[in-house]
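A.B. asks: show me how the following folds:
(2 chains)
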Amino acid sequence: MIPSSPSGRPPSFILIVDDDSDNRQVLEIILRREGHRIATAATGQEALTSVACAAEDLPDLIMLDLMMPDMSGCQVAITLKGNPATAHIPLIMLTAMTDRATRTRALNAGIDDFIAKPVDRLELCARVRKALGVSP
Amino acid sequence: MAHILVIEDNPDNMTLAVFLLESAGHAVITATNAEAGLALAREQHPALILMDIQLPGMDGLAATAALKGDEATRAIPVVALTALAMKGDEERIRAAGCDGYIAKPLRYREFLAKIATLVASL
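C.D. replies: Now for the predicted structure:
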């Protein structure tokens, strides 16, 4: 039997990618409370490794920080969207930078949606539901 | 985009290299030992070969020497994938006929940039 979330929906698998451990923890707490299954990665390279080696258990959604030391969120997005095995996974970018040039670069890299940092819980949950195609 | 042969016996390394190359739009064929890799190179004439050095049986240096000694495969660039980092290793890799090398563990950003440069020069 598939376990269901508090909302009664089956849990989704979400990968959180952020080099800041506090940010990862905040997102993880909020999204776990929503009933999702969570994995985390602290670098772009760690995220790509976990997705590339995931075989069948791919995330349903990836939350991606923009600024990371090894690879930018845009580089990670280009790699994921360039691969037929992972191109379908929605990507939400977390960014404190909200200027038009940054947003445009991220959209061109394949980012599907944005959440401004610091994260607002209600907005986060709404955007996650939208990305997962789940009605409120 | 290029037709690339990856010869690598470690399944995790292979998975990652194939994932990154396919993400960059390349068509990838694979072999997990030197003998199978040599056969694929002769059959399919890939544009580029990524060759692990520490392979079971025939190692990557011997395989590269075999490719470079064969008229049919001599022109295919061979890039060594190597965790070898001792003094003199680069010389041994070059002496075997490798056209370049990429250090393992792979650093993805550098790996993708290097492959893009190599493919652009083909």
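A.B. asks: tell me, what residue is most central in the chain?
C.D. replies: Let's take chain A. A:M63 (1.5 Å; Cα atoms, centre = their mean).
A.B. asks: the chain in question should be chain B.
C.D. replies: Mean-position check on chain B, Cα atoms, centre = their mean. Result B:L50 at 1.2 Å.
A.B. asks: where's the nearest residue to it once chain neighbours are set aside, which helix or strand?
C.D. replies: Once flanking residues are discounted, B:L50 sits nearest to B:V6: 4.7 Å by Cβ to Cβ, 6 or more residues apart in numbering or on different chains. Any C-beta I mention is one placed from the backbone N, CA and C, and that applies to glycine too. Per DSSP states H and E, B:V6 falls inside strand B:3-7.
A.B. asks: as a whole number, average confidence for the helix or strand that that strand is followed by?
C.D. replies: On the C-terminal side of strand B:3-7, the nearest following helix or strand under DSSP H and E is helix B:11-23. Averaged across helix B:11-23, pLDDT comes to 95.
A.B. asks: what is the helix or strand following helix B:11-23 packed up against?
C.D. replies: Using DSSP H and E, the helix or strand that follows helix B:11-23 in sequence is strand B:27-31. Applying 3 or more Cβ pairs under 8 Å, 6 or more residues apart in numbering or on different chains; DSSP states H and E, one finds that strand B:27-31 contacts strand B:3-7, helix B:11-23, helix B:34-44.
A.B. asks: is it fair to say A:N23 lies in a helix?
C.D. replies: Yes: counting by DSSP: H, G, I helix; E, B strand; the rest coil, A:N23 is located in a helix.
A.B. asks: can you report how many residues neighbour it?
C.D. replies: By other Cβ atoms under 10 Å in any protein chain shown, the residues close to A:N23 number 18.
A.B. asks: find me the pLDDT at A:P136, would you?
C.D. replies: For A:P136, the predicted pLDDT is 74.
A.B. asks: number of nearby residues for it?
C.D. replies: Neighbourhood size, A:P136 [other Cβ under 10 Å]: 7.
A.B. asks: could you pull up the residues touching it?
C.D. replies: If you count contacts by Cβ atoms under 8 Å, 6 or more residues apart in numbering or on different chains, A:P136 has them with A:126, A:129.
A.B. asks: on the three-state scheme, it is what?
C.D. replies: A:P136 - assigned by three-state DSSP - is coil.
A.B. asks: from the centre of chain B, point out the most distant residue.
C.D. replies: B:K87 (20.9 Å).
A.B. asks: only C-alpha atoms, please: export the helix or strand of chain B with the lowest mean pLDDT in PDB.
C.D. replies: Within chain B, no helix or strand scores below helix B:89-95, which has a mean of 87 by mean pLDDT, DSSP states H and E. Coordinates of each C-alpha in helix B:89-95 appear next as PDB, following Å, rounded to 0.1, in the frame of the first residue of the first chain:
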ATOM      1  CA  ASP B  89      51.800   9.600 -15.300                       C
ATOM      2  CA  GLU B  90      50.900  12.200 -17.800                       C
ATOM      3  CA  GLU B  91      54.100  11.300 -19.800                       C
ATOM      4  CA  ARG B  92      53.100   7.700 -19.700                       C
ATOM      5  CA  ILE B  93      49.600   8.600 -20.900                       C
ATOM      6  CA  ARG B  94      50.900  10.700 -23.700                       C
ATOM      7  CA  ALA B  95      53.500   8.100 -24.700                       C
END
